[in-house]
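[1] okay, structure incoming, though there's no sequence with it:
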C-alpha cells in the first residue's frame, strides 16, 4: 500500500501586518476566505466558522481537493492559514494572492510540504510579499 | 503589531499502512478523530465531515486551540492529518498517539512547525513508529 508518489501539497501561510478589520469577525473573514477558495478553482463541500469573543475567527472550508483553514489574531494583525490541495485543477497560489489582498497583509510567509513522501524536498520559509 | 514570539505549533502527520477499514467511512474515522481531540484536552467548538464516493473521508474539528483535520485514502491505507494548537493545555502528542492506535498505522511521520516565526527552528521528517 501507499504506492502513490505523493498526496498533494500542503501550504502553511502566515499573513502579517494585516488590516485588523478584516480579521475580527466571521463576516469579513469568511467572505475573503470563500472568495479565495472559489477563485483558486477549489470545489467547496463544507465549512465551519467560529467566532471568538471579543474578536478573532477560526474557520475551515472543506473542498473536494482537501481543505483551507484560517485562524486570526486581529490584535496582532496576524492570520495563520493552511491550504492542503491534492487536485490538479486547483491553484493554491491564487488563493494565497486573494487572501493577501483581502487581509491587506504587508508580509506573507509561505511554506510548502509535499504530503506522504519520506524524501520530501521542502521549501524553506519564503517571504513572498 | 505581530509582537508575540509565536502562534502555536502546527503538526503535519502522515499515517501510513493503516487499517483501511478505519478510513473508508465517516462513522469510524470521525469516532477515532473526536476521541483524539478529546483525549488531547482540546476544547471542541465545531466540526465538518465529508464522505467521498465510493470511500474516503475528509473532516475537520475546530477547537478553541485552532483545529485538527484528516483526509483519508483507504485504498492506500493512508491518512493525512494536521493538528494546529496554540493552547497550553492541549497535548497534540496525545492526539497523535490516539490516532495512530485508532487507524492501526504501522508508520507515522510527524513534522512540526512553529507558526508566525521567521527564524523558525523546524523539525525534519521523523518516523516515530
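    Noted; the coordinates are in hand. Quick caveat, the model's predicted, so the values are computed rather than measured.
[2] give me the buried positions along stretch A:48-65.
    A:48-52, A:56-65 (16 or more other Cβ atoms under 10 Å in any protein chain shown). Placement of C-beta: from N, CA and C, glycine included.
[3] just the residues you listed now: which is nearest residue B:34?
    Of all the buried residues of stretch A:48-65, residue B:34 sits closest to residue A:48, with 14.0 Å by Cβ to Cβ.
[4] so which strand or helix has the closest one?
    Taking DSSP states H and E as the definition, residue A:48 sits inside strand A:44-51.
[5] is that strand anywhere near chain B?
    Yes: looking at strand A:44-51 against chain B by Cβ under 8 Å from any Cβ of the partner chain, the contacts come from A:45, A:46, A:47, A:48, A:49, A:50.
[6] also stretch A:105-116?
    Yes: against chain B, stretch A:105-116 shows contacts by Cβ under 8 Å from any Cβ at A:109, A:111, A:113, A:115, A:116.
[7] pull the residues that contact stretch A:32-45.
    For stretch A:32-45, the external contacting residues (Cβ atoms under 8 Å, 6 or more residues apart in numbering or on different chains) are A:22, A:47, A:59, A:61-65, A:68, A:70, A:85, A:87, A:89-96, A:98-99, A:102-103, B:50, B:58.
[8] recalculate using a threshold of 6 Å.
    A:61-65, A:68, A:70, A:89-91, A:94-95, A:98-99, A:102, B:50 (Cβ atoms under 6 Å, 6 or more residues apart in numbering or on different chains).
[9] just how off-centre is that stretch within its chain?
    10 Å (Cα atoms, centre = their mean, to the nearest Å).
[10] wait, doesn't residue A:14 sit right on residue B:117?
    No: the pair residue A:14 / residue B:117 is not scored as a contact, 8.4 Å apart, by Cβ atoms under 6 Å.
[11] show me where chain A has helices.
    Using DSSP state H, the helices of chain A run over A:26-39, A:92-103.
[12] angle of the shortest one against helix A:26-39?
    To tie it back to what came earlier, the one meant is helix A:92-103. 150 degrees (axes from the mean of the first three to the mean of the last three Cα atoms, to 10 degrees).
[13] which strands or helices does helix A:92-103 pack on?
    Helix A:92-103 sits against strand A:9-16, helix A:26-39, strand A:78-85, with contacts defined as 3 or more Cβ pairs under 6 Å, 6 or more residues apart in numbering or on different chains; DSSP states H and E.
[14] deepest in the core, which of these is it.
    Each of those was scored by mean neighbour count; the highest is strand A:78-85, a mean of 26, by mean count of other Cβ atoms under 10 Å in any protein chain shown.
[15] which neighbours does that one have in its sheet, and in what orientation?
    strand A:9-16 (antiparallel), strand A:66-73 (antiparallel) (DSSP bridges).
[16] and the first one, average pLDDT?
    Just to be clear, that refers to strand A:9-16. For strand A:9-16, the mean per-residue pLDDT is 95.
[17] from residue B:24, how far off is residue A:15?
    Separation of residue A:15 from residue B:24 (Cβ to Cβ, to the nearest Å) stands at 36 Å.
[18] let me fix that: residue A:96
    Note on residue A:96: its distance to residue B:24, by Cβ to Cβ, is 33 Å.
[19] just residue A:19 next, same as before
    43 Å.
[20] so between these two, which is more surrounded?
    residue B:24 (18 against 14; other Cβ atoms under 10 Å in any protein chain shown).
[21] apart from its neighbours in sequence, what residue is nearest the more buried one?
    Spatial nearest neighbour of residue B:24, excluding adjacent residues (Cβ to Cβ, 6 or more residues apart in numbering or on different chains): residue B:55 at 4.1 Å.
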